[in-house]
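> Make a model of this:
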Amino acid sequence: MRSSLRSLSYVFGAVGALVACNASSGDSVVGPRQEADPALPAPPPGETAECVGVQDCAPGAACRAGRCEVAPPVADAGAPPASEPACGENESAKCALGHACATGQDCLSGECGTLGPNKGKCVSAKSCIGTPGADQACNGTDDCCASIPVPGGAFTNYDNSGQPSGAVVSRFKLDKFEITVGRVRAFFRAMNGDVRGHAPAPGAAEHPLIAGSGWRDTWNVRLPGSWAEINARLGAECAVGGDNAKWGAATWTPEPGPNENKPINCIDWYTLFAFCAWDGGRLPTDAEWSYVAMSGADQRTYPWGNDEPSFATHKDVVATSFAPPGATYGRYTEGPELRQIDDGPLHIALVGKKTGRSKWGHADMGGNVIEFVLDMARPIPATCNNCADVGFPDPPQGAPVQPLRWQPLDANGNPPPGGTGDDFAEERAVQDGKRLARGGSWQGEYEGHWLPNVKNRHWYPLWRTYSALGGRCARNE
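A predicted model of the protein is given here:
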């Protein structure tokens with residue numbers, strides 16, 4: 001398995017590869033339930049309406065077994081009426097999304113917001129835009145949505161051959177954490193699973209200093225159009241590493257689970273671009289990503305500093321694997337030290353769990369997952385002033401073609417007969433082009449996922465998803 005994955009990576013001639021309650025794999029979503037209208041008349045005795053808690057019923061009605069009920073008058077009219085339990089007071093009165101809560105036990109979703117606009121309200125998923133039913137907490141107290149200002153300046157960037165490039169970037173923000181499963185779940189739920197039908201507007205998420213870097217409507221055809229497509233792409237049909245029972249490590253699950261605060265992987269560049277646009281950001285350029293990883297003019301060797309890492313000294317610093325000298329296996333710094341066939345994403349850390357940080361506090365820029373950036377994968381120029389290669393080819397139009405198992409496509413978007421040859425040969429990547437991806441990963445250097453900043457540049461075809469590849473968003477100052 002190690003050798004087969006290793007053969008997937010070509011990097012400019014160098015080796016390198018690069019909650020929601022009731023949310024389901026169907027085409028329905030859970031939205032915030034409307035407050036009961038206090039002016040709504042109570043139904044006559046015996047009439048019922050659907051409910052999930054007392055807040056959904058008119059005054060005087062109780063929620064019993066999912067129906068609003070008004071008890072008929074009793075003979076003893078002088079007896080005080082029985083008090084109806086308040087929202088969250090017991091199992092029959094669990095609170096719907098958006099209602100006030102003290103703990104997750106008060107909520108139908110089992111989640112009470114802890115940070116952001118929905119703190120103290122019943123929430124369903126992690127999100128950074130403050131939509132009803134969304135929370136933005138990671139790991140208890142960290143803010144998933146923290147975006148750190150970067151002052152900008154001049155530094156020396158490098159390509160994978162070690163060729164230096166004088167580079168300048170202007171002020172911007174880069175998210176502290178990689179994009180998590182929970183944040184992407186909130187994005188999908190906001191669109192009822194139909195991202196293609198709610199694609200970004202042309203020009204959205206454009207870098208303010210780079211013309212032509214925004215969304216193109218010709219890309220819409222590459223976005224998922226249903227929950228079925230989402231669950232297939234991000235799960236078992238992830239091109240490399242989607243089968244978690246056979247060396248895969250996909251973090252997505254159709255229902256919310258233990259990976260909500262782990263980085264999303266097995267996601268394609270188009271969907272990451274659309275997510276960042278929806279989230280109020282954009283994809284960072286290669287130069288911006290490098291500037292943060294190198295801590296600007298400090299020119300750090302690694303995102304956390306200049307000290308060479310090893311398993312013994314950096315177990316808590318970076319989520320990756322280290323191969324002892326002469327070994328044919330890696331020891332992992334997250335999850336079980338030695339990997340088994342069905343470990344799944346155990347070796348991928350919760351975002352920010354490891355202590356390695358850039359000068360400005362950015363987490364996981366070395367290790368965990370490799371990150372897509374904006375640029376086409378071409379040699380970097382000798383000088384770069386807020387530059388990025390955005391000469392993207394347009395994908396074939398017509399009926400959407402899903403990249404369930406990546407394969408070459410002809411000019412009409414159809415797989416040619418008897419496709420043979422190296423999957424990573426140039427002719428198989430040019431249709432949608434290649435994008436740069438930066439950083440090391442949980443798989444480590446044995447798989448060619450280098451940790452040093454001068455080596456961790458990878459190219460990747462857009463139609464080949466990977467369990468070692470995700471991203472993070474940048475934002476304009």
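
> so where's the stretch 101-250 of the chain uncertain?
By pLDDT under 70, the weakly predicted segments of the stretch 101-250 of the chain are 109-110, 115-117, 124-141.

> Do a quick rundown of the helices in this protein.
2-6, 181-190, 227-234, 269-278, 286-293, 311-314, 426-429 (DSSP state H).

> Those helices into CSV, with extra columns for distance to Asn118 and mean neighbour count?
Bear in mind the C-beta positions are built from the backbone N, C-alpha and C, glycine included. Putting the helices of the chain into CSV (distance: least, Cβ to Cβ, whole Å; neighbours: other Cβ atoms under 10 Å) gives the following:
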stretch, distance to Asn118, mean neighbour count
helix 2-6, 40, 14
helix 181-190, 11, 25
helix 227-234, 23, 21
helix 269-278, 18, 24
helix 286-293, 29, 26
helix 311-314, 36, 14
helix 426-429, 42, 14
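
> Need these in a markdown table (columns: distance to Thr114).
Converted to a markdown table, these look like this (distance: least, Cβ to Cβ, whole Å):
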| stretch | distance to Thr114 |
| --- | --- |
| helix 2-6 | 38 |
| helix 181-190 | 13 |
| helix 227-234 | 26 |
| helix 269-278 | 23 |
| helix 286-293 | 28 |
| helix 311-314 | 30 |
| helix 426-429 | 43 |
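
> among those helices, which is nearest Pro164?
Checking those against Pro164 by Cβ to Cβ gives helix 286-293 as the closest, at 11.5 Å.

> who does the closest one touch, helix- and strand-wise?
strand 147-150, strand 153-158, strand 164-169, strand 172-175, strand 370-376, strand 434-438 (3 or more Cβ pairs under 8 Å, 6 or more residues apart in numbering; DSSP states H and E).

> What lies in contact with it?
Contact with helix 286-293 is made by 150, 152-153, 155, 157-158, 167, 169, 172, 174, 284, 300, 303, 358, 360, 362, 365-366, 371, 373-375, 380, 384, 386-388, 436, 438-439, 453, 456-457, 474, as judged by Cβ atoms under 8 Å, 6 or more residues apart in numbering.

> ok, now with 6 Å
Defining contact as Cβ atoms under 6 Å, 6 or more residues apart in numbering, one finds that helix 286-293 is touched by 150, 155, 157, 167, 169, 172, 174, 303, 358, 362, 365, 373, 375, 384, 436, 438, 453, 474.

> now the last one: how far from Ala245?
Right, the one you point to is Ala474. Counting by Cβ to Cβ, to the nearest Å, the separation of Ala474 from Ala245 is 36 Å.

> So between those two, which is more surrounded?
Per other Cβ atoms under 10 Å, whichever of Ala474 and Ala245 has more neighbours is Ala474, with 23 against 10.

> Compute the number of surrounding residues for the closest residue to the more buried one other than its chain neighbours.
Once flanking residues are discounted, Ala474 sits nearest to Pro284: 3.7 Å by Cβ to Cβ, 6 or more residues apart in numbering. Residues lying near Pro284 (other Cβ under 10 Å) number 31.

> And Ala102, by the same measure?
Count around Ala102 with other Cβ under 10 Å applied: 11.
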